[in-house]
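Peer 1: I would like the atomic coordinates for the input below:
(chains A and B)
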Amino acid sequence: MAVETLRPNAAGDECNINAQAGAGCPDHYQNVDEAMADDSATYVRAYSNDWLRDLYNLDDHSVGSGTVNKITVYARCDLNTSSPQLPSLKICIKSGTGNSDPDTVSEGSEQTLTGSWADYSEEWQNNPATGSAWTWQEIDKLQAGVSIRSPQVSGYMTYVTQVYVEVDYTDITEKTSSDSGSGSDVKTSGSPLASLSKSDSGSAAEGAPAQEATLTGTETGSGIEAILSLLGKLASEAGSGAENSYVAIITCARESCDGGAGADTSSLLAELEQDEAGSAVESLLSRLLRDGDSGNGNDAQVSLLAVLSRAETGSGAEALLTRLVTAAETALGIDGLLSRKVGLSDSGSGAEASAIYKMLIATDSGSGLEALSGLVVLIPASELGHGLERLGAKIMTSPGAVDTKLPTNIGKVEVPRH
Amino acid sequence: MVTEASFRDRVELGRQAVNDYRAAHAQLHAQSYYPQIHDEHTPLLNTIKAELKKQGFSSPDEFFSASEELNLEELGFRDREDFEARVTNADWEALEQKWQ
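Peer 2: Take a look at the predicted model:
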């Protein structure tokens, strides 16, 4: 709640009070416009038995805004008798509709005054001309004044030295990013949505809409650039809205709301979801893309590799790899993995995998990849078939052998060709 | 030797101070209206209060009561009570011609 005071600044539509100290009609307003009342120094006065009325124009409002709750008109008055016999004051206003000139005079109740200077007042919650709440246009057009008469049948007088209007209003403050309040703090009229901008750095409910607006409002790239741009926005999201924004992106992508050209987000997601018709490595990659990762680190990879085994129908090395992947691991390291392969039957062609592994196990006393590579060296001596022997050859001649710490002479072993 | 000013002299000097205030007040309003004009009455009002205090009136109200008392004495009444007991229309008209 706030109050703005408006004082007389010009003659109004009526100047009928028949005496004064100071300016005469039509400038009676000059005798009642002081911010600090000067009492008997300047005033208007009436010694008539009839009611005499003055109306004064008022300052336009300058600081008030929002909703006008009511107006209160004050008049500071006195009598030249301490024994009034009649009411001698009615506070008045003249108001209109909207920006039209005022056309409706309204008088307050008749008031009996005391024999010394005192303030009297009258309230109007609604504009009498409209029957509705005041508008600021109507406030600016308002006139206020008094209707006074003698307080007795003889020549006693009523004096008025000050008239002013207080406008009681409820201010409205634009919502800003620093506004941490709720409820009535939120702007309730005008254009509330316009005040919620991308500059809103709030959290929770305030933050999420602002973040979504940023994601959709600034994305101008295409293809991969588009989705990377969108994802990049998430980096600055520090609140609980990160999850919301992620969901918003996925939702947007699924609903093809990305307006970029080329391979936009929806197309990329469609690629991930389509059925893979390839085989071997192509199949693996396809399923890596599609399979939902619910584990951590290597768990996810193992889970994905396991999918491969279900579709693998190859032979030789492919078959070996399949079985390696599908086995349930209960030991540690590659030693454990290899040892568990020994008991499996090789259904591929060429070298029997089980026989080879039995040989390997018989001589293996090392650990890790060193042991594996050392054992694989034995393969070329007896293997003449397809598949696995080629795998061994590839391992031994690979430049990557250095990385796996193979003995240097292993890389020089001759591999039988057929 | 300091001579104490008479009651009449004090009231007359007070009336002159009020007249000065009213003249300054009119001069203030002779200018085009501006929003601060309401507050610019205040220094003038403080001046008149200071002048009245010099004449022994502690407030404007005290001065105006004294001024009315002088008016009634000049019309042949002892005081306000006597005036209200015997006042006629002619007295009202005569009072209206006095300094107010």
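
Peer 1: Next, whichever residue of chain B sits closest to chain A: secondary structure please.
Peer 2: For chain B, the residue closest to chain A is residue B:92, as judged by CB to the nearest CB, at 3.4 Å. Backbone N, C-alpha and C define where each C-beta goes, glycine included. Here residue B:92 is helix, with the state taken from DSSP: H, G, I helix; E, B strand; the rest coil.

Peer 1: how many other residues sit next to it?
Peer 2: By other CB atoms under 10 Å in any protein chain shown, 15 other residues sit near residue B:92.

Peer 1: Got the confidence number for the nearest residue to it once chain neighbours are set aside?
Peer 2: Nearest non-adjacent residue to residue B:92, counting by CB to CB, 6 or more residues apart in numbering or on different chains: residue A:155, 3.4 Å away. pLDDT recorded at residue A:155 is 79.

Peer 1: so who does residue 5 touch?
Peer 2: Unless you meant another one, I'm taking chain A. Residues in contact with residue A:5 (CB atoms under 8 Å, 6 or more residues apart in numbering or on different chains) are A:164, A:165, A:166, A:167.

Peer 1: meant chain B, my bad for not saying
Peer 2: Counting by CB under 8 Å, 6+ apart, residue B:5 has contacts B:13, B:55.

Peer 1: Surely it is in a helix?
Peer 2: No: counting by three-state DSSP, residue B:5 is not found in a helix; it is coil.

Peer 1: could you measure it against residue A:126, distance?
Peer 2: Distance of residue B:5 to residue A:126, computed by CB to CB, to the nearest Å: 57 Å.

Peer 1: Doesn't residue B:95 belong to a helix?
Peer 2: Yes: checked against three-state DSSP, residue B:95 lies within a helix.

Peer 1: so the residue nearest to residue B:92 sits in a helix?
Peer 2: No: assessed with three-state DSSP, residue A:155 is coil; it does not lie in a helix.

Peer 1: just checking, it touches residue B:84?
Peer 2: No: here residue A:155 does not reach residue B:84: they are 10.7 Å apart, not a contact under CB atoms under 8 Å.

Peer 1: Pull out the buried positions in stretch A:117-132.
Peer 2: Buried positions in stretch A:117-132, judged by neighbour count with 16 or more other CB atoms under 10 Å in any protein chain shown: A:117, A:120, A:122, A:124, A:127, A:129.

Peer 1: got a list of what the second one touches?
Peer 2: Residues near residue A:120 by CB under 8 Å, 6+ apart: A:74, A:75, A:76, A:77, A:89, A:91, A:111, A:113.

Peer 1: does the second one have beta-bridge partners, and which?
Peer 2: As for beta bridges, residue A:75 partners with residue A:120, residue A:163 under DSSP bridges.

Peer 1: What distance do you get for it to chain B?
Peer 2: Applying CB to the nearest CB, to the nearest Å, the value for residue A:75 to chain B is 16 Å.

Peer 1: what's the neighbour count on that residue?
Peer 2: For residue A:75, the tally of surrounding residues (other CB under 10 Å) stands at 26.

Peer 1: Pretty sure it sits against residue A:146.
Peer 2: Yes: counting by CB under 8 Å, residue A:75 touches residue A:146, with 5.1 Å between them.

Peer 1: Can you pull the residues that touch both of the two?
Peer 2: By CB under 8 Å, 6+ apart, the residues touching both residue A:75 and residue A:146 are A:89, A:91, A:160, A:163.

Peer 1: excluding its backbone neighbours, what's nearest residue A:14?
Peer 2: Leaving out its chain neighbours, the residue that sits closest to residue A:14 by CB to CB, 6+ apart is residue A:55, at 4.4 Å.

Peer 1: Need the three-state assignment for the one you found.
Peer 2: Going by three-state DSSP, the secondary structure assigned to residue A:55 is strand.

Peer 1: which residues sit in contact with it?
Peer 2: A:12, A:13, A:14, A:15, A:92, A:94, A:105, A:143, A:144, A:145.

Peer 1: Among those, the buried ones, what's the PyMOL command?
Peer 2: Filtering the contacts of residue A:55 down to the buried ones (16+ other CB under 10 Å) takes a single PyMOL command:
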select buried, chain A and resi 12+13+14+15+92+94+105+143+144+145
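
Peer 1: could I get the contacts of residue A:55 as a markdown table with secondary structure?
Peer 2: Output for the contacts of residue A:55, formatted as a markdown table (three-state DSSP):
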| residue | secondary structure |
| --- | --- |
| A:12 | strand |
| A:13 | strand |
| A:14 | strand |
| A:15 | strand |
| A:92 | strand |
| A:94 | strand |
| A:105 | strand |
| A:143 | strand |
| A:144 | strand |
| A:145 | strand |
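
Peer 1: pLDDT below threshold where in chain B?
Peer 2: Applying pLDDT under 70 to chain B flags the ranges B:1-4.

Peer 1: how far away is whichever residue of the stretch 151-300 of chain A sits closest to chain B from residue B:90?
Peer 2: Nearest to chain B, among the residues of the stretch 151-300 of chain A, is residue A:155, at 3.4 Å (CB to the nearest CB). Separation of residue A:155 from residue B:90 (CB to CB): 10 Å.

Peer 1: Of those two, give the one with the bigger neighbour count.
Peer 2: Remark: of residue A:155 and residue B:90, residue A:155 carries more neighbours, 19 against 9, as counted by other CB under 10 Å.

Peer 1: Phi first, then psi, for that one.
Peer 2: Main-chain torsions, residue A:155, degrees, to the nearest 10: phi -90, psi 20.

Peer 1: Run through the residues that contact it.
Peer 2: Shown in contact with residue A:155 (CB under 8 Å, 6+ apart): A:47, B:87, B:89, B:92, B:95, B:96.

Peer 1: which parts of chain B sit against chain A?
Peer 2: Residues of chain B found near chain A (CB under 8 Å from any CB of the partner chain) are B:18, B:21-22, B:25-26, B:29, B:33, B:35, B:37-39, B:41-42, B:45, B:48, B:60-61, B:64, B:68, B:84, B:87, B:89, B:92, B:95-96, B:100.

Peer 1: Compute the distance between residue A:59 and chain B, please.
Peer 2: Counting by CB to the nearest CB - residue A:59 and chain B are separated by 6 Å.

Peer 1: Look up how far residue A:40 lies from that residue.
Peer 2: 25 Å.

Peer 1: same thing with residue A:16?
Peer 2: Counting by CB to CB, the gap between residue A:16 and residue A:40 amounts to 21 Å.

Peer 1: the more surrounded of those two?
Peer 2: Neighbours were counted for residue A:16 and for residue A:40 using other CB under 10 Å; residue A:40 has more, 21 against 18.

Peer 1: The more buried one: what's it in contact with?
Peer 2: A:21, A:78, A:159, A:161, B:60, B:61, B:64.

Peer 1: Any of these buried? List them.
Peer 2: Among the contacts of residue A:40, those classed as buried by 16+ other CB under 10 Å are A:21, A:78, A:159, A:161, B:60, B:64.

Peer 1: Report the buried members of the shared contacts of residue A:75 and residue A:146.
Peer 2: A:89, A:91, A:160, A:163.

Peer 1: Just confirm the third one is within a helix.
Peer 2: Looking back up the chat, that one is residue A:160. No: Residue A:160 sits outside any helix when classified using three-state DSSP, being strand.

Peer 1: Show me the helices in chain B, by range?
Peer 2: Assigned by DSSP state H, chain B shows helices spanning B:7-30, B:41-54, B:60-74, B:80-86, B:89-96.

Peer 1: most tightly surrounded among those?
Peer 2: Comparing the helices of chain B by mean neighbour count (mean count of other CB atoms under 10 Å in any protein chain shown), helix B:60-74 ranks first with a mean of 18.

Peer 1: So which other helices or strands are in contact with that helix?
Peer 2: Applying 3 or more CB pairs under 8 Å, 6 or more residues apart in numbering or on different chains; DSSP states H and E, we find helix B:60-74 packed against helix B:7-30, helix B:41-54, helix B:80-86.

Peer 1: quick one: residue B:68 from residue A:85, how far?
Peer 2: Taking CB to CB, one finds residue B:68 at 20 Å from residue A:85.
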